[in-house]
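Engineer: coords below, sequence missing:
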Ligand code: DC
């Protein structure tokens, strides 16, 4: 059967990864969360004192890029591939507000992007992949057969992320989360290299009022029409 590349881009906390994961499972495709890769680089930078409150040694981070090896390993119980940094499982550690705060500045660095985009393109060379991020339909796979651009209001997204973080035991306020979501939107959409923009041929889905089931049904229909 013909295999395609499905690119899902959009603002932070639009629920891209939830839907991309389920779509990949239904189609028996590989799912790749590229945000996890930018978060892994940020985790490395943070733990090597290259980024922190009021400082960012971007040149040192660029020099250290060869020491950063990001891999994914499928977790059968969780039914998705978890991210590893130099052999260490960091899937949970990269989902904190601290890493969310520093990830957008790290993702503006062209050398970082180049390294990760190369790796992402290799992962998709045999197609049969659902990849989510910010520049998948525009830069990583401009020829992807199906491109989706997910949106939802900043408040809807902040509410979702706040609930998720509270459930995981993080102690923070809704305002902090909203501030993080809107700041990331701004940095991600205005950076020079590969800003978050909707590809011309992407289908926009505002999921503020859509259930996960309804989104999945819509995406499956779109994907199957391409097969
Ligand atoms: O999808 P996420 O929220 O986990 O992504 C974290 C950050 O990584 C996001 O704020 C911007 C950056 N990112 C990017 O620049 N390009 C991608 N393809 C994916 C994420």
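Structural biologist: Cool, the structure landed. These numbers come from a predicted model, not from an experiment.

Engineer: what about this protein, any weak spots by pLDDT?
Structural biologist: Counting by pLDDT under 70, not a single residue of the chain qualifies.

Engineer: Run through the strands of it in chain order.
Structural biologist: Shown for the chain, the strands assigned by DSSP state E span residues 5-10, 30-33, 51-52, 55-56, 70-75, 80-85, 88-89, 129-133, 146-151, 203-206.

Engineer: of these, which approaches residue 116 most closely?
Structural biologist: In terms of CB to CB, the element of the strands of the chain nearest to residue 116 is strand 70-75, at 7.7 Å. The way it works is simple: take the backbone N, C-alpha and C, and place the C-beta from them, glycine included.

Engineer: Run the contact check for the closest one versus the ligand.
Structural biologist: No. Using CB under 6 Å from any ligand atom, we find that strand 70-75 stays clear of the ligand, coming within 12.5 Å at best.

Engineer: Contact partners for the residue most central in space within the chain?
Structural biologist: Of all residues in the chain, the one closest to the mean position by CA atoms, centre = their mean is residue 35, 2.7 Å from it. Taking CB atoms under 8 Å, 6 or more residues apart in numbering, we find residue 35 in contact with 12, 17, 103, 132-134.

Engineer: Keep only these that also lie close to the ligand.
Structural biologist: 12, 103, 133-134.

Engineer: Quick check: of the residues you listed, which lies closest to the ligand?
Structural biologist: Ranked by distance to the ligand (CB to the nearest ligand atom), those are led by residue 133 at 2.4 Å.

Engineer: The closest one pairs with what?
Structural biologist: Note on residue 133: beta-bridge partners residue 9, judged by DSSP bridges.

Engineer: what about the longest helix in the protein?
Structural biologist: Longest among the helix segments of the chain by residue count, using DSSP state H, is helix 174-190.

Engineer: Residue 2: what's its closest spatial neighbour, skipping adjacent residues?
Structural biologist: Once flanking residues are discounted, residue 2 sits nearest to residue 227: 5.4 Å by CB to CB, 6 or more residues apart in numbering.

Engineer: The one you found - how many residues pack around it?
Structural biologist: By the measure other CB atoms under 10 Å, the count of residues near residue 227 is 11.

Engineer: and if you look at residue 159?
Structural biologist: Residues lying near residue 159 (other CB under 10 Å) number 17.

Engineer: My read is that it contacts residue 181, right?
Structural biologist: No. Using CB atoms under 8 Å, residue 159 is not in contact with residue 181; the gap is 9.7 Å.

Engineer: With neighbour count as extra columns, can I get the ones next to the ligand among the contacts of residue 35 in CSV?
Structural biologist: Below are those laid out as CSV (neighbours: other CB atoms under 10 Å):
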residue, neighbour count
12, 22
103, 25
133, 29
134, 26
